[in-house]
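Undergrad: Quick one, fold the following:
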Amino acid sequence: MSTDTPADDGTQDPGKAALQEQIDELREELAAVKDDDADAPKRMTIIATKGTLDMAYPPLILASTAAAFGWDVTVFHTFWGLEILHEERSKELGLSSVGNPNMPVPNAIAALPGMDRMTTWMMNRRIEDNDTATIEELVDTSLEMGVELQACQMTQDLMDYDESEYYEGVTTGVGAATALEHMADADIQLLV
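TA: Purely as a prediction, here's the structure:
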């Protein structure tokens, strides 16, 4: 329905004119907000919850790639995801052979003693043969690019982690409320 419709007496309805004026003002304000947002970098928050070799790569690859595009990136590590931030343990992350549908080993064989070590060795060899970045290199690259790698304080206390054993530059003492705040402000939120 057009707002230019004349009233019964041939003039424009004052209520409709006022409404149209408010709509025009809101459109201008929205356009100004969009213009302001266009200059701000995109924000991404990733929640890393797993500390296996195959699950350490996705948050670090996504974080470092987004940072290379100029995005503001935060990765909140909780529960086993803290293993990624531990400078020594991150170099020894393993794979779980059982229950992984893409593992080239049937579950009956994967459950045998030593299979996790063997599949981890195979994956590490593949990483090395393909000249793929290690977890340590991805952590260092992410930190150098300004990615904020956060350690969940509650998990740190629960699992008795020592923050002095994290990579230099890791943000410690972060709680769930801070993580939620980052997620609420982010353009992209991922749970890995």
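Undergrad: So which bits of the longest helix along the chain are buried?
TA: Scanning the chain for the helix with the most residues, using DSSP state H, yields helix 14-39. Using 16 or more other CB atoms under 10 Å as the test for burial, helix 14-39 gives K16. C-beta coordinates here come from the backbone N, C-alpha and C atoms, glycine included.
Undergrad: In terms of pLDDT, where does A177 sit?
TA: Looking at A177, its pLDDT is 92.
Undergrad: Helix, strand, or coil at it?
TA: helix (DSSP: H, G, I helix; E, B strand; the rest coil).
Undergrad: which residue packs closest to V174, ignoring adjacent ones?
TA: Spatial nearest neighbour of V174, chain neighbours left out: Q150 (4.2 Å); criterion: CB to CB, 6 or more residues apart in numbering.
Undergrad: quick check, that neighbour in a helix?
TA: No. Using three-state DSSP, the assignment for Q150 is strand, not a helix.
Undergrad: How many residues are close by it?
TA: 24 (other CB atoms under 10 Å).
Undergrad: contacting residues for it?
TA: Neighbouring residues of Q150 by CB atoms under 8 Å, 6 or more residues apart in numbering: 74-77, 170-172, 174, 178-179.
Undergrad: Please repeat the previous calculation with a cut-off of 10 Å.
TA: Taking CB atoms under 10 Å, 6 or more residues apart in numbering, we find Q150 in contact with 45, 47-48, 74-78, 85, 170-175, 178-179, 182.
Undergrad: Which strands or helices does the host helix or strand of A67 pack on?
TA: Using DSSP states H and E, A67 sits in helix 53-68. With contacts taken as 3 or more CB pairs under 10 Å, 6 or more residues apart in numbering; DSSP states H and E, helix 53-68 sits against strand 43-48, strand 72-77, helix 115-129, helix 135-144, strand 148-152, strand 188-191.
Undergrad: hmm, try it at 6 Å
TA: Here helix 53-68 touches strand 43-48, strand 72-77, helix 135-144, going by 3 or more CB pairs under 6 Å, 6 or more residues apart in numbering; DSSP states H and E.
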